[in-house]
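Peer 1: Predicted coordinates and the sequence they were generated for:
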There are 4 protein chains.
Amino acid sequence: MSSISRRDPSHRPHTGRRRNEESRRAVLAATRDLVHTRPYREVTIEAIVAAARVGKRTVYQWWPSRAALLLDALVEDARVRVPLADPRAPFPERLQAFLTNTIAGIVGPEGSGPVLRALLAEAQSDPEARAAFRDGFIQHRRAALRQLLAEGQDAGVISARSDLDTLVDFTYGAIWYRLLTEHAPLDQSFARSIAAHLMLQGS
Amino acid sequence: MSSISRRDPSHRPHTGRRRNEESRRAVLAATRDLVHTRPYREVTIEAIVAAARVGKRTVYQWWPSRAALLLDALVEDARVRVPLADPRAPFPERLQAFLTNTIAGIVGPEGSGPVLRALLAEAQSDPEARAAFRDGFIQHRRAALRQLLAEGQDAGVISARSDLDTLVDFTYGAIWYRLLTEHAPLDQSFARSIAAHLMLQGS
Amino acid sequence: MSSISRRDPSHRPHTGRRRNEESRRAVLAATRDLVHTRPYREVTIEAIVAAARVGKRTVYQWWPSRAALLLDALVEDARVRVPLADPRAPFPERLQAFLTNTIAGIVGPEGSGPVLRALLAEAQSDPEARAAFRDGFIQHRRAALRQLLAEGQDAGVISARSDLDTLVDFTYGAIWYRLLTEHAPLDQSFARSIAAHLMLQGS
Amino acid sequence: MSSISRRDPSHRPHTGRRRNEESRRAVLAATRDLVHTRPYREVTIEAIVAAARVGKRTVYQWWPSRAALLLDALVEDARVRVPLADPRAPFPERLQAFLTNTIAGIVGPEGSGPVLRALLAEAQSDPEARAAFRDGFIQHRRAALRQLLAEGQDAGVISARSDLDTLVDFTYGAIWYRLLTEHAPLDQSFARSIAAHLMLQGS
DNA sequence: TATTAAACGAGACGGTACGTCCGGTCTTAAT
DNA sequence: ATTAAGACCGGACGTACCGTCTCGTTTAATA
């Protein structure tokens, strides 16, 4: 018969030419999977390559470092779960929803928590990774929250004397702090407490 | 005749050579030195051993992991520089001094910043290291700040409605956040901003 | 239609890079060189690896033990210097030449003596190494000498009542004995004496 | 007062505790036991020390090297089993008995075979050990056999044209050869074959 | 009898080599 | 041209053993 129809999914053919989208996805999926299921020290390039049934070459061709791979896996993920609340809702609800969604997107079985922790760890030993993480992820999230808090100031719910950058540092700092040290649970009750204290300002 | 002769085999208090204090110090000093002068990925056990002129065996005998070694180097350091302000000073000054000293102890040429970053990274790939770091360092620092903030509440400078744990998370979270991501400088101006916002509560 | 697509996983002839012949040779050369120039206790895998400018991995991938490496270096060597006498010469000359060549191949600046001693030593602490040495080297040499002595019996120069295996044991045993214990020199005079006594039998 | 009473250090006959005979015996027994029951690579000083319930110090104080320890264990053993036949028996029986006893003392559950192999191996990497082994053991055995063979020559049972040193090399060489390479059994049948061939001379 | 110094068990020390693992590069054959 | 497979060099890992060095105790000759 036609020899064209060989699309056995268990046997991913490599096409030559063009980047193989299937391989790309397999690598990212394997990375995410490993980061979620194994201690981070076991998430080696070799393990990823083996899990994705892909050559090392392919990984190194498209990602310069493990950090870049993790970052890619993260943003791929994050693109899906854009946590935005109804813009017509009153501010307190919108802030509450933002924090709730943010934390929900981190914890939980499919949350980005393990990837974030791995990235943060990786960033400590690699200045380039740190810069990429900061510019490719951290700053975007900061800008979004800052914008939201500015609306809170406009609405008079947040003290006009507050420095928004410091409030953003308080918020994300507290969340990261609990994620990284596990000194206390990172849960919705914490989201409510953060929101309350942000708005406590000048009450 | 002598009825003394205690031959209880379980009573053996010690036999053999004692731990060499000089070696212990050399290892910790080498660790601190390397963490300050080299990128963290070069702070290997082998490099520490070579710098301290010590056998690998000695390191592995007394510290179960690189994280434990880093933690030990940190607390040894921290024991020296106990940053405490004059307890008779009024609260705002004391809070300010606390934050100023804390940040000064992190940044700067002899600051603990590099060790802290290395420890935090290590803690992400090793649950035991995470627990040890949390219980051996994080919690102590939290307790100290919490105590100080409680005095601020008593003095009426911090809102009685504030949850102290959340304020501690804000404070240390923000500091860690800047240390780890470097999205903005971790300096004395930031210490002032944090202090101002903590006391802004309920004003 | 001949695109029958043999996807039999067992049929995979080869994938990936082939073994690097240059590395193989470098390792064997370094081994021989070290065995000749340093005391045997300094002939470590690490020294070989360093001298051959090769990764440890490469050595362990192709040779299961130091003994296997030594044996390989030996047979590689021996393949080059095949010491065979003129088959048309009369028997006494041929036996004399065999022993002379054998001993000359052992002693001397490029002789296999150091490798043989190292192998014999290694074989005492490792039964597998002993078996490999016996089957891969000892037996071949025994067979060659036995064949030669059989011709001596046919020619009536060696007693027909002699057991050839015992004579082979006498010959190689005496040579090894002098090589290993150094109680007396292993030289050409000894070769002559051995030949004389072998042929003395039943005279 | 009297300047006489100053102790010439060379005059000091003895002070302090004497050598502990029990420890000495325990070390030698542990060495023999380990050599017989474990592969030689596991016969480490640490294992001996642990088995003998003795301090490392004690071993290194009395034996300069593992080879010296093995040699001591061997001669201690050999002193017990002196293989000497009735001097009034006719020569062939006496030679046969010598070889039979020699081989019996090597093989068998309590034989010195394992110790001999370990010593020979050790001697290959240590010239001093080689010399000690040669002078402290090999030469004595050679002298004994040579004396016996000389009597054989006197009795006319061994060819007067034979060089006794070569015959000794044949005999001990063959035995060592089988012991070390295990290419054929080292048994009483081999003892008989050796004796027969030694006496075959000039028949 | 009291002193004193050697020898003891225990075991920590600085080192060195081990054999394994991973990172990142390079080669090969296949598509 | 790009892939999957996999061999390559380099180097850190954590373990084992070496031979040396304290420790505090035991033992016996001496004073």
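Peer 2: Done, it's in. Numbers count the residues shown, from 1 in each chain, chains lettered A, B, ... in the order given.
Peer 1: Tell me which helix or strand the residue positioned nearest the centre of chain A sits in.
Peer 2: The centroid of chain A falls nearest to A:Leu74 when counting by C-alpha atoms, centre = their mean (4.5 Å). Applying DSSP states H and E as the criterion places A:Leu74 in helix A:66-80.
Peer 1: Buried residues, that helix. List them.
Peer 2: By neighbour count with 16 or more other C-beta atoms under 10 Å in any protein chain shown, helix A:66-80 contains the buried residues A:66-74, A:76-78. No exception for glycine: its C-beta is placed from N, CA and C like everyone else's.
Peer 1: which residue sits closest to A:His197 in space, ignoring its chain neighbours?
Peer 2: Leaving out its chain neighbours, the residue that sits closest to A:His197 by C-beta to C-beta, 6 or more residues apart in numbering or on different chains is B:Thr166, at 5.4 Å.
Peer 1: any idea which helix or strand carries the one you found?
Peer 2: Per DSSP H and E, B:Thr166 falls inside helix B:164-181.
Peer 1: helices and strands around the helix or strand of chain A with the lowest mean pLDDT, which ones?
Peer 2: Sorting the helices and strands of chain A by mean pLDDT, DSSP states H and E puts helix A:66-80 at the bottom, at a mean of 84. Applying 3 or more C-beta pairs under 8 Å, 6 or more residues apart in numbering or on different chains; DSSP states H and E, one finds that helix A:66-80 contacts helix A:21-37, helix A:113-124, helix A:127-133.
Peer 1: B:His14 is nearest to which of the ones you listed?
Peer 2: Within the helices and strands packed on helix A:66-80, the stretch nearest B:His14 is helix A:113-124; the backing value is 40.1 Å (C-beta to C-beta).
Peer 1: touching chain B at all, that closest one?
Peer 2: Yes. With C-beta under 8 Å from any C-beta of the partner chain as the criterion, chain B is reached by helix A:113-124 at A:117-118, A:120-124.
Peer 1: Grab the CA positions of that helix and hand them over as CSV.
Peer 2: Output of helix A:113-124 as CSV, limited to C-alpha atoms (Å, rounded to 0.1, in the frame of the first residue of the first chain):
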residue,chain,number,x,y,z
GLY,A,113,5.3,25.4,41.7
PRO,A,114,8.0,22.8,41.0
VAL,A,115,9.0,24.5,37.8
LEU,A,116,9.3,27.8,39.6
ARG,A,117,11.4,26.4,42.3
ALA,A,118,13.7,24.7,39.9
LEU,A,119,14.1,27.9,37.9
LEU,A,120,14.8,29.9,40.9
ALA,A,121,17.4,27.4,42.0
GLU,A,122,19.0,27.3,38.6
ALA,A,123,19.1,31.1,38.4
GLN,A,124,21.3,31.2,41.6
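Peer 1: what's the offset of that helix from the middle of its chain?
Peer 2: 10 Å (C-alpha atoms, centre = their mean, to the nearest Å).
Peer 1: what's the angle between that helix and helix A:21-37?
Peer 2: Relative orientation of helix A:113-124 and helix A:21-37, computed by axes from the mean of the first three to the mean of the last three C-alpha atoms, to 10 degrees: 90 degrees.
Peer 1: And the contacts of helix A:113-124?
Peer 2: For helix A:113-124, contacts defined as C-beta atoms under 8 Å, 6 or more residues apart in numbering or on different chains pick out A:32, A:35-36, A:40, A:43, A:65-67, A:70-71, A:73-74, A:77, A:106-107, A:129-130, A:133-134, A:137, A:176, A:179-180, A:186, B:40, B:117-118, B:120-122, B:124-125, B:180-181.
Peer 1: hmm, back to that, identify each buried residue in whichever helix or strand comes after the helix holding A:Leu74, please.
Peer 2: Counting by DSSP H and E, the next helix or strand C-terminal to helix A:66-80 is helix A:91-106. By neighbour count with 16+ other C-beta under 10 Å, helix A:91-106 contains the buried residues A:91, A:94-103, A:105-106.
Peer 1: which secondary structure elements does helix A:91-106 contact?
Peer 2: Judged by 3+ C-beta pairs under 8 Å, 6+ apart, helix A:91-106 is in contact with helix A:139-154, helix A:164-181, helix A:188-200.
Peer 1: Identify the spatial nearest neighbour of A:Arg178, chain neighbours not counted.
Peer 2: Spatial nearest neighbour of A:Arg178, chain neighbours left out: A:Leu186 (4.3 Å); criterion: C-beta to C-beta, 6+ apart.
Peer 1: Burial check on the closest residue to A:Pro39 other than its chain neighbours, number of neighbours?
Peer 2: Closest residue to A:Pro39 apart from its sequence neighbours, by C-beta to C-beta, 6+ apart: B:Ser125 at 6.1 Å. Neighbour count of B:Ser125, defined by other C-beta atoms under 10 Å in any protein chain shown: 18.
Peer 1: In this structure B:Ser125 contacts A:Val35, no?
Peer 2: No. Contact criterion C-beta atoms under 8 Å: B:Ser125 and A:Val35 do not qualify, at 10.7 Å.
Peer 1: Pull the contacting residues for the residue of chain A at minimum distance from chain B.
Peer 2: Proximity of chain A to chain B (C-beta to the nearest C-beta) peaks at A:Gly173, 3.1 Å away. Going by C-beta under 8 Å, 6+ apart, A:Gly173 touches B:169-170, B:172-178.
Peer 1: go with 6 Å
Peer 2: Listed by C-beta atoms under 6 Å, 6 or more residues apart in numbering or on different chains, the contact partners of A:Gly173 are B:173-174, B:177.
Peer 1: Leaving out sequence neighbours, find the closest residue to it.
Peer 2: B:Gly173 (3.1 Å).
Peer 1: Quick check on A:Leu186: phi, psi?
Peer 2: Here is the backbone geometry of A:Leu186 (degrees, to the nearest 10): phi -100, psi 90.
Peer 1: That one and B:Ala174, how far apart?
Peer 2: As judged by C-beta to C-beta, to the nearest Å, A:Leu186 and B:Ala174 stand 16 Å apart.
Peer 1: same thing with A:Arg141?
Peer 2: Distance of A:Arg141 to B:Ala174, given as C-beta to C-beta: 15 Å.
Peer 1: Thank you kindly, that will do.
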